[in-house]
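> No sequence on hand, only this structure:
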Ligand SMILES: CCCCCCCC/C=C\C=C\CC(=O)SCCNC(=O)CCNC(=O)[C@H](O)C(C)(C)COP(=O)(O)OP(=O)(O)OC[C@H]1O[C@@H](n2cnc3c(N)ncnc32)[C@H](O)[C@@H]1OP(=O)(O)O
């Protein structure tokens, strides 16, 4: 809805009303159309102000409408009517003016913003482009380079930047509506011809071809196969090279292609999935709206290795008081210096003062006695962690939440080392922890809902997207990674190369293939885990066949590389070679290829040609299959949890919506059929055996992903 009123005698005030973000639903658009007509036909009204209620101008088109019936007045003629009005129209921008919201404001003759407002055209992140004239008006207002930046990145900008760019005419720290009404009174009689952006020539430099060529190369490099950024460049090009009306036609044409694309569906699914994971639910029914977080004022981080440092930086940036404990003096000194550097660089980038003063460093674990919550980030070793949890339980004040940053170890076992297991949860950050958005909040069978709520709340404060999941080996992300990596090893044995397998995965949209990723994180990490599990022993020692463990196919390739001291980037050699230890540029390694040949010869394996389709099907479908098992086991409460974990923690291309959404797009029946096919060919690989939830979903007609929860409930109730 939109409410019309008359204020200050002659100003027509149109207030958008659609909480929480005044999205432009059919009812809001109808309200605007009616109110504008009324204002223009009322002789008492000399000028108009458009604002949004509850301190938000407008969050853009109503994304929920995209999938269904798009009735109601269309946006483009509505905005044209505002721009063509013969009375000045002023946008009063508070909170957000995003997407269609900013396009509406660009149709107004003037824009006044509150100093805390955020503006942007984020459609590209929904797989779309600003199709209500945004790609045509913005370049005409602020020039091609600045418009290309905002439209292709979708970034939100501050009111100050909007003023500097010329998007808004005035910024106020007072009431935006009052400022806009006063402004409207002042401009009531002013001519409007020079205020209609669609009539502006598009300012640009002489070498347009070079400018757009460079822009296109830039988006193609970062888009990893996403089509919307490319369409955004094409639409802005039309603004720069064609008259407004023709540009609008091009914008419409490009939008029509994007709007119906699978990528737009995937990205819009991600938008809602990201919000859905905040509404967590535990198997016992406890959930986000009934479990309140306890206030946290003081936090401790134990262990200042790479992860601990990143967590410390993310915590310090929230402004909370933090105690950082590292028992080894040398490590503590190095950490202090590294953390200060990270905080200073981060503050410089964000134009704020670095928050160095709220960290207290200590070598003594007793210094955490007064904190409200501890995040343990010591070396990934159960015996060490057990000891730390016993100490924490003894020294912390009653009620302190004890969190562990383990990436796979048993939360419940750690909880059992303390006097209050209900206060223990996992907070699994991803490296680098001050950069990566994902946080798995892991609850054990005894974790209290309040502990989960507090960890989720703290994560949000740290700028993380928290996903609450159950306790199992590897939780969600790393559990699914295991069969994915295993398939990649098997493909190497069968004739693949790291280069070809990585290429297939990178062309799919991952920033890095499985072998480059393994070189980056260190081959020794997986080796240590496999040794701990008794898998990586040499065959002579274990009396087992080198390629079989407990009757299952096993590839010792990773172990063999580690035995040669090839741990990846840090040693200068892994699946690839590097110029020197620590270098990042992966180069093909002839040694590795002849090693693979020798290995195959030794085990009587005949290399065959493996195509891209097989790489993708085996690596991705096996990972998806494990995702279905996770849902079946109740470790994740819905497919959205898994998808958000993979998009924000593991580089799954967002325009493919996450593994579970992707399975739905491919077709569950096809995923099932291919898994059956590969399992038949490799019966000694249990991960390839399709899980029963997948079979049930296919049997019930492959329902859309947003209805799986119901099927899962039924399957689980029958277990
Ligand atoms: C054949 C071809 C035909 C083509 C015809 C199409 C013509 C269309 C023409 C123009 C199209 C314009 C495109 C757009 O405008 S797309 C929308 C662009 N806007 C955005 O991307 C903004 C999205 N929202 C946000 O970024 C944030 O929500 C923000 C506004 C910054 C507020 O953030 P915050 O305070 O953190 O709140 P939440 O994100 O948690 O959101 C609160 C709830 O509001 C829901 N929401 C938010 N934005 C929208 C929206 N635009 N539409 C619908 N719903 C929205 C969000 O889901 C939360 O809901 P819930 O509480 O249920 O979880």
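Nice, I can see it. Small disclaimer: the values here were computed from a predicted structure and weren't measured.

> Point out where this protein drops to low pLDDT.
Confidence mapping of the chain against pLDDT under 70 gives the ranges 538-544, 719.

> Can you name the residue of it nearest the ligand?
Ranked by C-beta to the nearest ligand atom, the top residue of the chain for proximity to the ligand is residue 99, at 2.4 Å. The C-beta positions use only the backbone N, C-alpha and C, and glycine is treated the same way.

> for the nearest residue to that residue once chain neighbours are set aside, phi and psi?
Nearest in space to residue 99, with sequence neighbours left out and distances taken as C-beta to C-beta, 6 or more residues apart in numbering, is residue 60 at 2.7 Å. Its backbone dihedrals place residue 60 at phi 100, psi -170, with angles given as degrees, to the nearest 10.

> Settle this for me: residue 60 is touching residue 28, isn't it.
No: Residue 60 is not in contact with residue 28 according to C-beta atoms under 8 Å; the separation is 11.0 Å.

> who has more neighbours, those two?
The residue with more neighbours, out of residue 60 and residue 28 and counting by other C-beta atoms under 10 Å, is residue 60; that gives 28 against 24.

> For the more buried one, which residues are in contact?
When the contact criterion is C-beta atoms under 8 Å, 6 or more residues apart in numbering, the partners of residue 60 are 21, 23-24, 98-102, 122-123.

> Dump those to JSON lines, plus secondary structure.
Supplementary listing: the contacts of residue 60 in JSON lines, determined by DSSP: H, G, I helix; E, B strand; the rest coil:
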{"residue": "21", "secondary structure": "coil"}
{"residue": "23", "secondary structure": "coil"}
{"residue": "24", "secondary structure": "strand"}
{"residue": "98", "secondary structure": "strand"}
{"residue": "99", "secondary structure": "coil"}
{"residue": "100", "secondary structure": "helix"}
{"residue": "101", "secondary structure": "helix"}
{"residue": "102", "secondary structure": "helix"}
{"residue": "122", "secondary structure": "helix"}
{"residue": "123", "secondary structure": "helix"}
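
> Save the residues you listed as JSON lines, and put in neighbour count too.
Below are the contacts of residue 60 laid out as JSON lines (neighbours: other C-beta atoms under 10 Å):
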{"residue": "21", "neighbour count": "19"}
{"residue": "23", "neighbour count": "23"}
{"residue": "24", "neighbour count": "28"}
{"residue": "98", "neighbour count": "25"}
{"residue": "99", "neighbour count": "28"}
{"residue": "100", "neighbour count": "27"}
{"residue": "101", "neighbour count": "29"}
{"residue": "102", "neighbour count": "32"}
{"residue": "122", "neighbour count": "21"}
{"residue": "123", "neighbour count": "29"}
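
> Out of these, which comes closest to residue 10?
Comparing those against residue 10 with C-beta to C-beta places residue 101 closest, at 25.8 Å.

> Okay, the closest one and residue 79: tell me how far apart.
Applying C-beta to C-beta, to the nearest Å, one obtains 11 Å for the distance of residue 101 from residue 79.

> buried stuff in stretch 645-652?
Within stretch 645-652, the residues that qualify as buried by neighbour count (16 or more other C-beta atoms under 10 Å) are 645-652.

> Of these, which belong to helices?
Per DSSP state H, helices hold the following members of these: 645-649.

> Switch the residues you listed over to a markdown table; also include distance to residue 142.
Output for these, formatted as a markdown table (distance: C-beta to C-beta, whole Å):
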| residue | distance to residue 142 |
| --- | --- |
| 645 | 38 |
| 646 | 36 |
| 647 | 31 |
| 648 | 31 |
| 649 | 36 |
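
> which one of the residues you listed is nearest residue 137?
residue 647 (31.6 Å).

> Now for that closest one: which residues touch it?
Each residue near residue 647 by C-beta under 8 Å, 6+ apart is listed here: 270, 653-654, 657-658.
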